[in-house]
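Student: I would like to see how this sequence folds:
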Amino acid sequence: MFTRMKDISKKAADRKRLIALAIISTAYIAVFVNIQGFKAMLPLVQDEFLISRAQVGLYSSFYFLSTVIIAVFSGRIADHLGTKRGLVLGVGIVAIMIFLHSVSPYYGLILILAFITGIAFSLITPSVNKGVIEISEPSKRSLSMGIVHGGGGLGGFLGAVMLPYFGEMFGWRTALLFGSIFAIMAALFILRFYQQTAAVEDETGSSAGARSTTLKEDLAYLLQNRYLVSVFSMGAVFGMGISSVTGHFPLYLARDLGTTAAFAGLGLGVFHVGGILGQPFWGLVNERVFHGDRRKGLALLGLLIAGLLLFFGLAVSRYNFSSYTILFFSFLLGFCTMGIIAIYFTAVSELVSKKYVGVVTGLALIFPRTSTVVTPPLFGLIADISGTYALSWVILGATVLVMTLGFIYYSGRYSGSPSANDPTAGG
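Tutor: Predicted structure coming up:
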């Protein structure tokens with residue numbers, strides 16, 4: 001009888017945690033509906049403002065520039081605010097900024113608003129990761145992280161498919177109004193229904209305790225972990241891939257391959273569908289096949305991403321593939337490129353105690369976001385100079401390949417060292 005009651009209690013707790021994960025994921029859904037939806041409408045925005053491909057890439061740069069600047073601070077803020085308040089505040093500000101996008105008369109003003117939107121978004125990822133680590137069992141963390149971050153893929157798909165459709169019908173400004181309203185509703189939903197579940201203790205039996213250290217001391221402590229620093233490099237890999245695709249894919253399909261704006265949005269949407277399925281899939285593979293070895297999961301995905309990027313430059317851009325084939329490879333690109341996110345954040349979060357999750361997430365975000373600031377304009381500039389995106393794909397793929405091989409080498413050197421698990425160990 002006692003065993004049966006214990007099983008029932010465990011199932012109830014698991015169900016409660018699953019509901020909490022689903023509610024947390026709505027923050028990503030709401031934000032990415034707007035951000036990726038706006039990017040999917042960039043062909044319409046480009047036609048109105050008569051801007052170049054490089055200028056189009058500046059949107060992602062301005063959006064992520066602010067996230068780089070305050071990444072660590074936002075992680076610290078998330079540690080103090082907690083998951084619920086961090087999510088509500090972040091999503092609410094994004095909703096306001098997207099509304100202002102819709103009424104902006106100049107593209108330059110939109111870039112400034114993108115900068116502010118990035119500040120709000122910086123609160124969301126540390127808050128999400130903090131919530132996932134607190135409520136998930138260690139053996140299910142990468143899967144749980146994949147489920148929650150998959151909400152970003154779902155939001156990206158909905159935004160990339162629906163907002164361009166509404167944009168062609170009513171104009172991109174009206175489409176953004178719909179997105180803004182949806183984000184406001186999501187913030188209110190989280191405020192009303194999210195309830196903090198009991199934190200799952202980590203392997204040492206500790207939970208997130210009160211901190212008495214300064215941010216500078218926290219960073220010095222974390223950066224002593226050489227294995228952790230090597231993992232950060234893979235953040236740059238997924239930042240390069242995701243930002244270049246989401247920032248230019250609709251233009252690539254419309255300008256290079258001659259598709260309609262609606263199909264271009266569909267292509268970006270299918271990319272996000274791949275991300276939706278890829279994140280929990282690769283999280284499950286990492287747990288079941290690689291037995292929680294995050295290094296193997298990151299290395300495999302880095303090589304797959306490099307191969308797909310090179311394939312787009314050397315094959316898709318040069319040969320006349322059917323629409324269905326293009327969508328299939330768009331799916332694969334999202335499946336792998338976005339699939340790395342859950343493993344990356346799980347890896348960095350597991351290398352520290354719970355009280356450092358917000359700060360280490362902020363630190364980990366600097367690397368993908370820095371690459372996101374730099375890569376999209378360069379990706380577009382190469383396309384402007386060469387006339388097509390083919391060379392852009394090849395250079396990006398080669399860069400990702402070199403960085404992944406570097407990660408494999410250096411992470412192998414430090415994965416067995418004391419500092420891999422203890423930041424205070426080693427020199």
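
Student: any idea how far Y414 lies from G362?
Tutor: Y414 is 22 Å from G362, where distance means C-beta to C-beta, to the nearest Å. Quick note: C-beta positions are derived from backbone N, CA and C, even for glycine.

Student: ugh, wrong one, I meant A30
Tutor: Note on A30: its distance to G362, by C-beta to C-beta, is 21 Å.

Student: go on, F182?
Tutor: Taking C-beta to C-beta as the measure, F182 and G362 are separated by 27 Å.

Student: More neighbours: these two, which one.
Tutor: Neighbours were counted for F182 and for G362 using other C-beta atoms under 10 Å; G362 has more, 28 against 20.

Student: Skipping its backbone neighbours, what lies nearest L308 in space?
Tutor: L333 (5.1 Å; C-beta to C-beta, 6 or more residues apart in numbering).

Student: Contacts for the strand or helix carrying the one you found, please.
Tutor: L333 is part of helix 323-337 when elements are defined by DSSP states H and E. By C-beta atoms under 8 Å, 6 or more residues apart in numbering, the residues outside helix 323-337 that reach it are 153, 238, 241-242, 245, 249, 253, 257, 259, 263, 266-268, 270-275, 277-278, 281, 301, 304-305, 308-309, 311-312, 316, 321.

Student: repeat for stretch 272-291
Tutor: With C-beta under 8 Å, 6+ apart as the contact definition, stretch 272-291 has outside contacts at 32, 36, 139-140, 142-147, 149-150, 152-157, 160, 292-294, 296-297, 301, 330-343, 346.

Student: Tell me which of these fall in helices.
Tutor: With helices identified by DSSP state H, the entries of these that belong to them are 32, 36, 142-147, 149-150, 152-157, 160, 294, 296-297, 301, 330-337, 340-343, 346.

Student: Any quick PyMOL command for the buried ones out of these?
Tutor: For the buried members of the ones in helices among the contacts of stretch 272-291, the matching PyMOL selection, counting by 16 or more other C-beta atoms under 10 Å, is:
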select buried, resi 32+36+142+143+144+145+146+147+149+150+152+153+154+155+156+157+160+294+296+297+301+330+331+332+333+334+335+336+337+340+341+342+343+346
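
Student: Now the residue most central in space within the chain. Nearest residue, chain neighbours left out?
Tutor: Nearest to the mean C-alpha position of the chain, by C-alpha atoms, centre = their mean, lies I341 at 6.1 Å. Using C-beta to C-beta, 6+ apart and skipping residues adjacent in sequence, the residue nearest I341 is H149, 5.0 Å away.

Student: Spatially nearest residue to K140, not counting backbone neighbours?
Tutor: E287 (7.3 Å).

Student: Next up, phi/psi of the one you found, please.
Tutor: Reported as degrees, to the nearest 10, the phi and psi values for E287 are phi -80, psi -40.
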